[in-house]
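Colleague: fold the stuff below for me.
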Amino acid sequence: MNKVILLNKRPVGKPGPDDFIFVTEEMPVPAAGEILLKAKYVSVDPYIRGRMNDSKSYVPPFKLNHPVESAVVAEVIETHIEGFAKGDFVSGNLAWKQYQVSAGKGLNKIDKKAGNLSLYLGLVGMTGLTAYIGLTEIAHPKPGETLVVSGAAGAVGSVVGQIGKILGCRVVGIAGSDEKVALLTSKLHFDAAVNYKTTADMYTAIKNTCPAGVDVYFDNVGGEISNAVLANINKHARLPVCGQISMYNETKPPVGPLVQPILLTKSAKMQGFIVSDFYDKFPYAVKQLESWFKEGKLINTETVIEGFENIPQAFLDLFEGKNEGKMVVKIY
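Modeller: All right, here's what the predicted structure looks like:
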């Protein structure tokens, strides 16, 4: 039998284990024009929380009593499609199933010799693409500028900061523990980092760690943290908005400072983005990320949880900040 994870109910506020349900189904059999896939690594990401709501967004919501989906690396077990061979590895947006059939649409073949397959969910996958494109296409950082990254020890943030250093920026990260601060400033070579959980005055902390002001703010978090950074931006600052994880579980719209006067007086640009809108940039971006990784300029940071049954909990752990870098689940 084949194990599957369905959306059991739509969460109100913070999601919990009972929002998911495990079921079994008969093992799928590929027909002509299909391949049989076995999940090897499953990506869990904050954006999944938005798809659990029954609301219009840039991607359709999950349906109740249907499988949850995310980026998955899978092995081809059986094939009836030219171009896919048994033993190939692919990545794509797939269901949370141990085994599933696919017509091959939207799948990208992975070089088996490339090393760690989970890289294609993280550093050289959608995570790395989001970091690279958001920083280079929207922020256009210049050498010597100060870049601040919130959620800096997370999947996207940890890559953004490293790319910022490659491009010659002074990089300051914001994270939620002393261990993560140490990770950023030692292993990932950030110039400074702030533990927001032990900092009473974030405005002053940002001011002190960014004495020349903030030129680029890569926003993964939103909320009070972003308010503090926004109050420290320079003229012509650029603010790519990638995520707002601090507010994903709110049941009422939060009230905060109005950003328009700051953006106006600082001649600043704040722009939200969805990485899929930059699809034409993907091939070059992947090559650049792969090159930097091979040269040792980018370090892969990930938290690997093992076991298909632990996928929901790994997702929930994102909202507790239990991941360093990309969170992936390895399937036996």
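Colleague: pull the number of nearby residues for the residue nearest to residue 246 when sequence neighbours are not counted.
Modeller: Among residues not flanking residue 246 along the chain, residue 223 sits closest, at 3.7 Å (Cβ to Cβ, 6 or more residues apart in numbering). Where C-beta positions appear, they are placed from N, C-alpha and C, glycine not excepted. If you count neighbours by other Cβ atoms under 10 Å, residue 223 ends up with 17.
Colleague: just checking, residue 223 touches residue 250?
Modeller: No: counting by Cβ atoms under 8 Å, residue 223 does not reach residue 250; the two are 9.0 Å apart.
Colleague: quick one, phi psi at the residue nearest to residue 246?
Modeller: Residue 223 adopts backbone torsions of phi 70, psi -150, taken as degrees, to the nearest 10.
Colleague: who's in contact with it?
Modeller: Listed by Cβ atoms under 8 Å, 6 or more residues apart in numbering, the contact set of residue 223 reads 244, 246-247, 254, 256.
Colleague: out of these, which are buried?
Modeller: Neighbour-count burial within the contacts of residue 223 applies to 244, 246; the criterion is 16 or more other Cβ atoms under 10 Å.
Colleague: in a markdown table: the contacts of residue 223, plus distance to residue 66 and secondary structure.
Modeller: Shown next, in a markdown table, are the contacts of residue 223 (distance: Cβ to Cβ, whole Å; DSSP: H, G, I helix; E, B strand; the rest coil):
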| residue | distance to residue 66 | secondary structure |
| --- | --- | --- |
| 244 | 26 | coil |
| 246 | 28 | helix |
| 247 | 26 | helix |
| 254 | 31 | coil |
| 256 | 35 | coil |
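Colleague: the helix or strand harbouring residue 48 - what's its average pLDDT?
Modeller: For residue 48, the host element (DSSP states H and E) is helix 47-51. In this model, helix 47-51 has an average pLDDT of 93.
Colleague: counting contacts, what elements does it pack onto?
Modeller: Helices and strands touching helix 47-51, by 3 or more Cβ pairs under 8 Å, 6 or more residues apart in numbering; DSSP states H and E: there are none.
Colleague: let's see it at 10 Å
Modeller: strand 69-79, helix 311-317 (3 or more Cβ pairs under 10 Å, 6 or more residues apart in numbering; DSSP states H and E).
Colleague: got the confidence number for the nearest residue to residue 124 once chain neighbours are set aside?
Modeller: Nearest residue to residue 124 in three dimensions, chain neighbours excluded: residue 289, at 4.8 Å (Cβ to Cβ, 6+ apart). At residue 289, the predicted lDDT confidence score is 96.
Colleague: helix or strand for residue 289, which one?
Modeller: Using DSSP H and E, residue 289 falls within helix 282-294.
Colleague: so which residues of the stretch 151-300 of the chain form strands?
Modeller: 170-175, 192-195, 214-218, 233-241, 269-272 (DSSP state E, counting those that start in this stretch).
Colleague: distance to residue 303 added to these, as a markdown table?
Modeller: Converted to a markdown table, these look like this (distance: least, Cβ to Cβ, whole Å):
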| stretch | distance to residue 303 |
| --- | --- |
| strand 170-175 | 14 |
| strand 192-195 | 18 |
| strand 214-218 | 20 |
| strand 233-241 | 24 |
| strand 269-272 | 26 |
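Colleague: may I see those organised as a markdown table, with mean pLDDT and distance to residue 85 added?
Modeller: What follows is the strands of the stretch 151-300 of the chain, written out as a markdown table (pLDDT from 0 to 100; distance: least, Cβ to Cβ, whole Å):
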| stretch | mean pLDDT | distance to residue 85 |
| --- | --- | --- |
| strand 170-175 | 98 | 42 |
| strand 192-195 | 98 | 45 |
| strand 214-218 | 98 | 40 |
| strand 233-241 | 98 | 40 |
| strand 269-272 | 97 | 40 |
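Colleague: skipping adjacent residues, who's closest to residue 19 in space?
Modeller: Nearest to residue 19 is residue 11, by Cβ to Cβ, 6+ apart, at 4.9 Å.
Colleague: do the same with residue 133
Modeller: Of all residues not flanking residue 133 in the chain, residue 278 sits nearest, at 4.8 Å (Cβ to Cβ, 6+ apart).
Colleague: got it, and residue 17?
Modeller: Of all residues not flanking residue 17 in the chain, residue 312 sits nearest, at 5.9 Å (Cβ to Cβ, 6+ apart).
Colleague: that neighbour against residue 70, yeah?
Modeller: No: the pair residue 312 / residue 70 is not scored as a contact, 11.4 Å apart, by Cβ atoms under 10 Å.
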